[in-house]
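# using only what follows, build the 3D model:
(2 chains, ligands or ions: 4)
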Number of protein chains: 2
Amino acid sequence: MADQAFVTLATNDNYARGAMVLGKSLRNHNTSKKLVALIGPQVSEPCQSVLKRIYDEVRVVDVLDSGDTAHLAMMKRPDLGITFTKLHCWALTHYSKCVFMDADTLVLSNIDELFDREELSAAPDPGWPDCFNSGVFVYRPSMETYGKLIQHCTEHGSFDGGDQGVLNSYFSNWATTDISKHLPFIYNLSSVAIYTYLPAFKQYGGNAKVVHFLGKTKPWSFTFDLKSKQISGNVQDATSHPTFLLDWWMLYSSAVVPMLQQQYGDQPFNS
Amino acid sequence: MADQAFVTLATNDNYARGAMVLGKSLRNHNTSKKLVALIGPQVSEPCQSVLKRIYDEVRVVDVLDSGDTAHLAMMKRPDLGITFTKLHCWALTHYSKCVFMDADTLVLSNIDELFDREELSAAPDPGWPDCFNSGVFVYRPSMETYGKLIQHCTEHGSFDGGDQGVLNSYFSNWATTDISKHLPFIYNLSSVAIYTYLPAFKQYGGNAKVVHFLGKTKPWSFTFDLKSKQISGNVQDATSHPTFLLDWWMLYSSAVVPMLQQQYGDQPFNS
Ligand SMILES: O=c1ccn([C@@H]2O[C@H](COP(=O)(O)OP(=O)(O)O)[C@@H](O)[C@H]2O)c(=O)[nH]1
Ligand SMILES: O=c1ccn([C@@H]2O[C@H](COP(=O)(O)OP(=O)(O)O)[C@@H](O)[C@H]2O)c(=O)[nH]1
Ligand SMILES: [Mn+2]
Ligand SMILES: [Mn+2]
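Numbering: from 1, shown residues only, chains lettered A, B, ... in the order given. Ligands and ions are numbered 1, 2, ... in the order given. The predicted model follows:
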């Protein structure tokens, strides 16, 4: 359906590379939904061009510039910059329903069935499982909700300094009210979960539909040798199952790097 | 109600000390329910005596001895010994409803409201949050369920080698079916959660009702100096918030140690 979209966010070129891989992974699994990337003004021209080839819509969201409610809120709470930018996804009212996905997620199979869910559906956060993880969530764009979220955020701040804290305190009955709003964990398989309860990962992880490279070390923090198909860098730091990390890099190098090379031409390009 | 009980399990003197503290914490918060301790035959006489002073019922469960279905199952799956022993709680059919609690849990306020829930209610496991943690759960004793659980366990084993794997694969619709069977996480606040998502703990941890000293290092793995009220041992290993660990030791030293001293008399006694 044309009025439904997957939405992601990238405020810089690193997260933009994540968004490229995410977009490609959605396309490869034949999504019938639109793809929207919200980007910050710092994202370089070549990256913007590549994003435009993968996404149906690439929209620059400059909270500092925008003169909307988020702009005003931002003056009071400069610490919540990227959070306000993420909340901007509620302003995409030309869609009736969306699935937001962090730029550090990777889709492993078609997940269009997520659009059967209602706002706010999300998977539990490993760590504090009565909170949902805000890396993947189903929502309904609405200027009213957008305004209320910004207001909530300005008044109460964020208990974790980011969007997850705000969204959990705003949608505070998620844990107790409606099981259909609990996405199965395999729609947001946080890499940390693999090590904290390995037997469960072995039992259920084979059904993973979305892997989330949550935490400080992102796929793009490593380097990858195309010939040997080896990942280097602090691999013991790899917060995620090496296979998923390899999946990310295989897709990046086969589908995204060629597009980046076209854009950057002969300029030195850090793959 | 006389036909409702909190049930725990201790197969040795260390876990028995945990059970003593747990029982005391339930009494201190004025539970109106019966307290039942299932114990293994290795629990020493003095520990059994102390447990009998705290618990309404102390029942020796010797799976190897018992000649019941669990005994037969055990011959085939000796690896699942303590798991079979824990499943034995379903055989307590003189109660209509029970709450099982691991011996490494500590109650921080009255939790009798848990008996309003139905089988199988439990809190999510941090780590793999579509699994419930089997340290605290509401269930209905039933010989039929008991038999089915043992059978399930014998046929499918346990994906994690313990009771949590068996119970999650038996009650496999927990994650997706009925939100009322999701106990709030504060009824089974696993110590690991504190560090993996500290901001959430700071936000919600003040409401904790049950803390669970999950993992290898148990409260009784430390030592405690009564005079200085200092915990020693590998405190950086403390998988739990130091305050909870101190709570455990304060209760142990003030309420349990005197009872143990009475039982052990002049014998050297390792507190
Ligand atoms: O500097 C940043 C930080 C975050 N993000 C966006 O916000 C999401 C959440 O941040 P992140 O994934 O780093 O947090 P984590 O999932 O590790 O908690 C990212 O996936 C991006 O979509 C971004 O665009 N720029
Ligand atoms: O040697 C043992 C191991 C376990 N248990 C019982 O089984 C529960 C589950 O084990 P544990 O708490 O050690 O597992 P964890 O919660 O750390 O996964 C304990 O709390 C005890 O009630 C026991 O009696 N003896
Ligand atoms: Mn993320
Ligand atoms: Mn335990």
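
# does the nearest residue to A:A91 once chain neighbours are set aside count as helix, strand or coil?
Residue nearest to A:A91 in three dimensions, not counting chain neighbours: A:Y146, with 5.1 Å by C-beta to C-beta, 6 or more residues apart in numbering or on different chains. Quick note: C-beta positions are derived from backbone N, CA and C, even for glycine. Three-state call for A:Y146 (DSSP: H, G, I helix; E, B strand; the rest coil): helix.

# hang on, A:Y146 packs against A:F84?
No: assessed by C-beta atoms under 8 Å, A:Y146 is found out of contact with A:F84, at 10.4 Å.

# the two: which has the busier surroundings?
For A:Y146 versus A:F84, the count of surrounding residues by other C-beta atoms under 10 Å in any protein chain shown is larger for A:F84: 26 against 20.

# can you tell me the SS state at the residue in the stretch 1-150 of chain A that ligand 4 sits nearest to?
The minimum distance from the stretch 1-150 of chain A to ligand 4, using C-beta to the ion, falls at A:P129 (16.3 Å). Using three-state DSSP, the structure places A:P129 in coil.

# relative to ligand 1, how far out is it?
15 Å (C-beta to the nearest ligand atom, to the nearest Å).

# for the closest residue to A:L149 other than its chain neighbours, helix, strand, or coil?
Leaving aside its sequence neighbours, A:L149 sits nearest to A:L87 (C-beta to C-beta, 6+ apart; 5.0 Å). When classified by three-state DSSP, A:L87 comes out as helix.

# surely A:L87 touches A:V166?
Yes: counting by C-beta under 8 Å, A:V166 is a contact partner of A:L87 at 7.3 Å.

# between the two, what contacts are shared?
Common neighbours of A:L87 and A:V166 are listed as A:149, A:153 (criterion: C-beta atoms under 8 Å, 6 or more residues apart in numbering or on different chains).

# which secondary structure element is home to A:F100?
In the assignment (DSSP states H and E), A:F100 maps to strand A:97-101.

# what does that strand contact?
A:3-9, A:22, A:33, A:36, A:86, A:89, A:92, A:107, A:111, A:114-115, A:119, A:134-141, A:210.

# that older thread, quick one: the residue of the stretch 1-150 of chain A closest to ligand 4 from chain B, how far?
4 Å (C-beta to the nearest C-beta, to the nearest Å).

# ok, now A:S142?
24 Å.

# the nearest residue to that residue once chain neighbours are set aside in helix, strand or coil?
In this structure, A:S142 finds its nearest non-sequential neighbour in A:W90, 6.1 Å apart by C-beta to C-beta, 6+ apart. Using three-state DSSP, the structure places A:W90 in helix.

# got a pLDDT number for A:W90?
Here, the pLDDT recorded for A:W90 equals 97.

# pretty sure it is touching A:K148, no?
No: counting by C-beta under 8 Å, A:W90 stays clear of A:K148, with 9.1 Å between them.

# those two: who's more crowded?
Neighbour totals were compared for A:W90 and A:K148, and A:W90 leads with 23 against 14 (other C-beta under 10 Å).

# so how far is ligand 2 from that one?
A:W90 is 40 Å from ligand 2, by C-beta to the nearest ligand atom.

# what of A:Q261?
A:Q261 is 50 Å from ligand 2, by C-beta to the nearest ligand atom.

# A:S253 too?
41 Å.

# number of nearby residues for that residue?
The burial count for A:S253: 16, using other C-beta under 10 Å.

# what sits closest to it if chain neighbours are left out?
The spatial neighbour of A:S253 that comes closest, neighbours along the chain excluded (C-beta to C-beta, 6+ apart), is A:L226 at 5.4 Å.

# cool, A:Y15 as well?
A:A103 (4.3 Å).

# give me the pLDDT value at that neighbour.
98.

# filter the contacts of strand A:97-101 down to the ones close to ligand 1.
Of the residues in the contacts of strand A:97-101, proximity to ligand 1 by C-beta under 6 Å from any ligand atom holds for A:8-9, A:86, A:135.

# most neighbours among those residues, which one is it?
A:T8 (28 neighbours).

# for it, helix, strand, or coil?
strand.

# what strands line up against the strand holding A:F100, and which way round?
Sheet pairing of strand A:97-101 (DSSP bridges) gives strand A:4-10 (parallel), strand A:132-139 (antiparallel).

# what residues does the stretch 51-200 of chain A have near ligand 3?
A:102, A:104, A:135 (C-beta under 5 Å from the ion).

# how about the first one: what's its closest non-neighbour residue?
Excluding its sequence neighbours, the residue lying closest to A:D102 (C-beta to C-beta, 6+ apart) is A:G135, at 4.0 Å.

# and what of the second one?
With C-beta to C-beta, 6+ apart as the measure, A:F213 is the residue that lies nearest to A:D104, at 4.4 Å, once sequence neighbours are left out.
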